[in-house]
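Visitor: Predicted model and sequence below, questions to follow.
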Amino acid sequence: MKALILGGAGYIGSHVCLEFLAAGHHVTVFDNLSSGTKENIFPEEQFVEGDIMDYDALSQEMRKGYDVVVHLAAFKAAGESMLVPEKYARNNIAGTINVLNAMVEHGVKYFVFSSSAAVYGEPSYLPIDEKHPTNPENFYGFTKLEIERILAWYDKLKGIRYAALRYFNAAGYDPQGRVRGLEKNPANLLPVIMEVAAGKRKELQVFGNDYPTKDGTGIRDYVHVSDLAIGHVAALNYMKKNDASLIVNLGSEEGLSVLEILEQARRITGKPIPAIITARRPGDPAKLVAGSQLAQKLLGWKARYSDVETLVKTSWNVYLPHCK
């Protein structure tokens, strides 16, 4: 099949591309390189530099005849989304509508969407499954939920089958070392730890150590990015086989605390990785863990690389050459 991967030069997108290539699909990356990098474009792929806000560019590319669009071209910084919601509304919501309309125009049937656990908001119970209430606490999460609602209508009215994959915390790098491009301005825990270890940052800020958890720091569900990528291919296979859409969580079902990851990173890198304790961030729950039973049932998907050692080791393998 021919796959158009929006945001395929980015951190998650490049890993998704690898899995689509491994499954025998023809891959074209469509990316404006605002957060992606040409270093993450593989020789087997076609590359088009373009922006999802440019409807004509999307339409011109989809005219070439694609079977599936994979959408990873969203802005994703939750904190920033609360300060400049207009930026997120424009790119994430209006940009996705551009994509869907171009798909309708050119008869592209399948859509794999990078959604987020941010659609759930504060957990009412753990682990969070797909039946959990959706009540986003930031505008980023709102944009993802709004797109899911729009997708349901395009399914009903235009026959586009979609998979909305609600990620938990993506982390790690390709275990075979094929993805080498570093994230630009990362805000997530593990790449920040790696930047401290590599001498790119002075220290790690730990936001709160007085949570009701085993070591006082927040617990999150970290899912290896290669596991996420495998889930995208599995979702396409499900849609093809069943002619049906789906919404599923992709998480490890295991919780790791900030200090657990930090201590593993110190052990694996051999670096001191200075850390300071600062105040909790508003709205940060003590613990977030996914329930991924539905993904296992529908897709045969289960996290395979999401243990803490693999997460840290595969990250350090990419950051080590950048040590100062």
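Guide: Yep, it's here.
Visitor: Where does the prediction get shaky in the stretch 1-150 of the chain?
Guide: In the prediction, the stretch 1-150 of the chain carries no residues with pLDDT under 70.
Visitor: that's a strand at residue 47, yeah?
Guide: Yes: with DSSP: H, G, I helix; E, B strand; the rest coil as the criterion, residue 47 is located in a strand.
Visitor: count of residues packed around it?
Guide: Applying other Cβ atoms under 10 Å, we find 16 residues neighbouring residue 47. Where C-beta positions appear, they are placed from N, C-alpha and C, glycine not excepted.
Visitor: can you tell me which residues contact it?
Guide: Contacts of residue 47 were listed using Cβ atoms under 8 Å, 6 or more residues apart in numbering, and they are 9, 28-29, 31, 38, 41.
Visitor: Beta-bridge partners for it, please?
Guide: When bridges are called by DSSP bridges, residue 47 pairs up with residue 29.
Visitor: With residue 203 as the reference, measure out to it.
Guide: Between residue 47 and residue 203 the distance is 37 Å, computed by Cβ to Cβ, to the nearest Å.
Visitor: cool, and residue 272?
Guide: Looking at residue 272 against residue 203, where the rule is Cβ to Cβ, the gap reads 10 Å.
Visitor: quick one on the thing from earlier: and which of the contacts of residue 47 is nearest to residue 98?
Guide: Lowest distance from residue 98 to these (Cβ to Cβ) belongs to residue 31, with 15.0 Å.
Visitor: Let me know how buried the nearest residue to that closest one once chain neighbours are set aside is, in neighbour terms.
Guide: Nearest-residue entry for residue 31: residue 9, 4.1 Å, with adjacent residues in sequence omitted and distances by Cβ to Cβ, 6 or more residues apart in numbering. Using other Cβ under 10 Å, residue 9 is surrounded by 28 other residues.
Visitor: Would you agree residue 9 is in contact with residue 41?
Guide: Yes: under the contact definition of Cβ atoms under 8 Å, residue 9 touches residue 41, with a separation of 5.7 Å.
Visitor: tell me, what's touching these two both at once?
Guide: The contact sets of residue 9 and residue 41 overlap at 29, 47 (Cβ under 8 Å, 6+ apart).
Visitor: Do a quick rundown of the strands in the stretch 101-250 of the chain.
Guide: For the stretch 101-250 of the chain, applying DSSP state E, counting those that start in this stretch gives strands covering 110-116, 161-167, 169-171, 204-207, 219-224, 246-250.
Visitor: what mean pLDDT does the third one have?
Guide: Along strand 169-171, the predicted confidence averages to a pLDDT of 96.
Visitor: How about residues contacting it?
Guide: Residues from elsewhere that reach strand 169-171 (Cβ under 8 Å, 6+ apart): 11-12, 188-191, 220-225, 228, 311, 315.
Visitor: out of those residues, who's nearest residue 98?
Guide: Using Cβ to Cβ, the contacts of strand 169-171 come closest to residue 98 at residue 12, 20.5 Å.
Visitor: Would you agree the closest one falls within a helix?
Guide: Yes: secondary structure assignment (three-state DSSP) places residue 12 inside a helix.
Visitor: Next up, the contacts around it.
Guide: By Cβ under 8 Å, 6+ apart, the residues touching residue 12 are 72, 114, 167, 170, 225, 228-229.
Visitor: helix or strand for the residue nearest to residue 178 when sequence neighbours are not counted, which one?
Guide: Excluding its sequence neighbours, the residue lying closest to residue 178 (Cβ to Cβ, 6+ apart) is residue 18, at 6.2 Å. With the criterion set as DSSP states H and E, the secondary-structure element containing residue 18 is helix 11-22.
Visitor: list the buried ones in that helix?
Guide: For helix 11-22, the neighbour count (16 or more other Cβ atoms under 10 Å) marks 11-20 as buried.
Visitor: thought residue 318 was touching residue 179?
Guide: Yes: with the criterion set as Cβ under 8 Å, residue 318 and residue 179 qualify as a contacting pair; they are 7.2 Å apart.
Visitor: Settle it for me: which of those two has more neighbours?
Guide: residue 179 (23 against 20).
Visitor: Now do the domain split for the protein, please.
Guide: 2-171+223-250, 189-221+253-289+305-317 (automatic domain parsing).
Visitor: Please produce TSV containing those domains, extended by distance to residue 297.
Guide: Shown next, in TSV, are the domains of the chain (distance: least, Cβ to Cβ, whole Å):
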stretch	distance to residue 297
domain 2-171+223-250	9
domain 189-221+253-289+305-317	13
